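Q: Sequence plus predicted model, see below.
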Amino acid sequence: MISASSVKSGSLAERSSRMRERIVATIRKIPKGRVSTYGAIARAAGYPSAARQVVGALRRSVGLPWQRVLGAGGEIKLRGDSAIEQRLRLEAEGVTFRGRKVNLARHEFHFSPGNKRGKGRASKG
DNA sequence: TAATTGACGGGCA
DNA sequence: GTGCCCGCCAATT
């Protein structure tokens, strides 16, 4: 519980970091042995098209199960040694791969529904 | 203030 | 399977 006295009525920092906090909180929900994708995390956090902000949250935050976050289709999007480490970590948790991708059908984590804000997609096509 | 960056996503050729 | 383009949006330069 926050009191009005402890918060400067929605200070700048509070407003601007809200998105990242939601994303971070969402990432932290992913249990061991399960994985999710940038897009799915963004949607679960309430931002249907903020996949890039998921990237930012992972890069700028520490202590997150980053290895459980994959690109669309379960593909590892990291480069170099980081990609190797991610795969190793996931395999250590029991996650299986199908070629260069994680077997999402077996390991994708489904966030609790109802937290979405509206889904919509950009006028793409 | 503007431009660039970033572990993205999806459609198309 | 691969390369290209556009959309998305906070953080950084």
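A: That came through fine.
Q: Can you read off the pLDDT for A:Ser49?
A: For A:Ser49, the model assigns a pLDDT of 86.
Q: Now that it has come up, it's in contact with A:Tyr38, right?
A: No. Counting by Cβ atoms under 8 Å, A:Tyr38 is not a contact partner of A:Ser49; they are 10.7 Å apart. Every C-beta, even on glycine, is put in place using the N, C-alpha and C of the backbone.
Q: Looking at these two, which is more packed in?
A: With neighbours defined as other Cβ atoms under 10 Å, A:Ser49 and A:Tyr38 compare such that A:Tyr38 has more, 22 against 13.
Q: Going along the chain, name the strands of chain A.
A: Along chain A, counting by DSSP state E, strands occupy A:36-37, A:69-70, A:97-98, A:101-102.
Q: can those go into a markdown table with extra columns for distance to A:Val24?
A: Below are the strands of chain A laid out as a markdown table (distance: least, Cβ to Cβ, whole Å):
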| stretch | distance to A:Val24 |
| --- | --- |
| strand A:36-37 | 13 |
| strand A:69-70 | 11 |
| strand A:97-98 | 26 |
| strand A:101-102 | 21 |
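Q: Could you export those as JSON lines, including mean neighbour count and distance to A:Val54?
A: Below are those laid out as JSON lines (neighbours: other Cβ atoms under 10 Å; distance: least, Cβ to Cβ, whole Å):
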{"stretch": "strand A:36-37", "mean neighbour count": "24", "distance to A:Val54": "9"}
{"stretch": "strand A:69-70", "mean neighbour count": "24", "distance to A:Val54": "7"}
{"stretch": "strand A:97-98", "mean neighbour count": "13", "distance to A:Val54": "21"}
{"stretch": "strand A:101-102", "mean neighbour count": "20", "distance to A:Val54": "16"}
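Q: closest one to DNA strand C among the ones you listed?
A: Checking these against DNA strand C by Cβ to the nearest atom of the strand gives strand A:101-102 as the closest, at 8.4 Å.
Q: For that closest one, what is the distance to the chain centroid?
A: On the basis of Cα atoms, centre = their mean, to the nearest Å, strand A:101-102 sits 16 Å off its chain's mean C-alpha point.
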